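Colleague: Build the 3D model from these lines:
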Amino acid sequence: MSTAAKNPLLQRYTAQLTAHPLRTKAITAGILSFLQELLASHLAGTPSAPVSKSASPLSHAIAATKISPRAFKMALYGFLVSAPLGHVLVGRLQRTFAGQRLAMILASNLLVAPIQTTVYLVCMALIGGAKSVDGIVKTVKGGFMTVMRITWMTSPLATVFAQKFLAPELWVPFFNLVSFVLGTYFNTKLKLRMRAAEQEKKAREGKGE
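Modeller: Residues are numbered from 1 along each chain as shown. From the prediction side, this is the model:
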């Protein structure tokens, strides 16, 4: 008996993935991107939004969990950008290199991954408040090779692990988990880098006064 057949929740998820692949991937990516932002904010030590003492307990609770407009923007990124882009690129890759496992891995790492990484960093810059092309370019240049190096190390290992140890119906949840962990790591690093840049800018402005 397959793993999906043993787990009703997984069975329902894989059924939805088969019947409505793009919609299911978009909803999954939106939820995971939202959670990723919350976790990265905690890991990076992002200060909570200021809340007045007279605010309701709910407002204090939301501030404590670091739920911010950025988290909802990340959810939109996952739903409207990340999932559709991945669906189209991976679908094209699978059709082009059907049955060619090595060629598919190479094409994924050399063609698909750079596109996804560039789009991810551009979106992170915009969500982070970049207001100029220079700001976006700086974010992409600063993070591109870091993201790509980790992707090139983890993607082949994750693929081999899935092929050897996981049933096919577990591949999508497994790669979602891998993407969530890596995305949280990249988001945390980006937040730390942006905060350091802000502190450096304030220090320069303070010396100039």
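
Colleague: got the contact list for the residue most central in space within the chain?
Modeller: Geometric centre of the chain, nearest residue: residue 183, 3.9 Å, by C-alpha atoms, centre = their mean. By C-beta atoms under 8 Å, 6 or more residues apart in numbering, residue 183 lies in contact with 32, 33, 36. (Glycine included, C-beta is placed from N, CA and C.)

Colleague: Quick one: distance of the longest helix anywhere in the chain to the chain centre.
Modeller: The longest helix of the chain (DSSP state H) is helix 171-208. In terms of C-alpha atoms, centre = their mean, to the nearest Å, the centre of helix 171-208 is set 12 Å apart from its chain centre.

Colleague: in that helix, what counts as buried?
Modeller: 172-173, 175, 178-180, 182-191, 194 (16 or more other C-beta atoms under 10 Å).

Colleague: got any ranges where the protein has weak pLDDT?
Modeller: Along the chain, the parts satisfying pLDDT under 70 run over 1-6, 49, 51-52, 59-60, 63-64, 66, 207-209.

Colleague: Repeat the analysis, applying 50 as the threshold.
Modeller: 1 (pLDDT under 50).

Colleague: Tell me where it has strands.
Modeller: Taking DSSP state E as the criterion, the chain contains no strands.

Colleague: what ranges do the helices span in it?
Modeller: 3-6, 8-19, 21-44, 57-64, 69-77, 83-96, 101-107, 113-127, 133-165, 171-208.

Colleague: wait, what's in contact with residue 195?
Modeller: 44, 46.

Colleague: now do the one 4 residues further on
Modeller: The contact partners of residue 199, taken as C-beta under 8 Å, 6+ apart, number zero.

Colleague: Residue 191 too?
Modeller: By C-beta under 8 Å, 6+ apart, the neighbours of residue 191 are 40, 41, 44, 46.

Colleague: Derive a PyMOL selection command for the buried subset of these.
Modeller: One line in PyMOL is enough to select the buried ones among the contacts of residue 191; burial here means 16+ other C-beta under 10 Å:
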select buried, resi 40+41+44+46
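
Colleague: Name the member of the contacts of residue 191 with the shortest distance to residue 101.
Modeller: residue 40 (33.1 Å; C-beta to C-beta).

Colleague: Okay, that closest one and residue 161: tell me how far apart.
Modeller: Per C-beta to C-beta, to the nearest Å, residue 40 is found 24 Å from residue 161.

Colleague: One more: residue 55?
Modeller: On the measure of C-beta to C-beta, residue 55 and residue 161 end up 47 Å apart.

Colleague: now residue 32
Modeller: 20 Å.
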